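**Q** How does the following fold in three dimensions:
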Amino acid sequence: MSIWKKNMSLESLNRTSKNTLMEHLQIEYTDFTDDTLSATMPVCSFTHQPLGMLHGGASVVLAETLGSLAANYCVDENHYCVGLDINANHIRAMRSGHVIGTARPVHLGVSTQVWQIDITDEKQRLVCTSRLTIAVKKQKKAKS
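**A** Prediction:
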């Protein structure tokens, strides 16, 4: 059974990145299943730190991007989701190629969600693991 409450397509997901940090970092949504969302990000000059390795902050951007977007697709039109807390453990250095992030829910509650995001290299070796806590908020009604 799918966790998604809104219609999804890779095309519509990727359109959400237009004119954002995600577009600048070339994050591309590549797959979704009944309970996961995945995206890739290049490891290159604009995602490097000064030593020429993938910047930990870039990994966190990928993790929060995946978890936040996934969270928003798990709520109805009367709600929206925002990040409350994120942590990341950087496991493996990378200098080139692409990383693949996959978000899966740990908890989908009425007022909070918790997402686990694992980022791997192209050989499926763990590069970073992250946990994102989300607040579920009710949309404010427009005043007449």
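
**Q** List the contacts of stretch 26-39.
**A** Residues from elsewhere that reach stretch 26-39 (C-beta atoms under 8 Å, 6 or more residues apart in numbering): 1-4, 8, 10, 13-14, 17, 40-42, 61-62, 65-66, 69-70, 73, 100-105. Where C-beta positions appear, they are placed from N, C-alpha and C, glycine not excepted.

**Q** again, but for stretch 105-113
**A** The contact list for stretch 105-113, computed with C-beta under 8 Å, 6+ apart, reads 3, 35, 70-71, 74, 81, 84, 114-116, 131, 133-136.

**Q** which ones are touching the nearest residue to residue 117 once chain neighbours are set aside?
**A** Excluding its sequence neighbours, the residue lying closest to residue 117 (C-beta to C-beta, 6 or more residues apart in numbering) is residue 63, at 4.0 Å. Neighbour list for residue 63: 86, 88, 101, 103, 117, 119, 128, 130, 132 [criterion: C-beta under 8 Å, 6+ apart].
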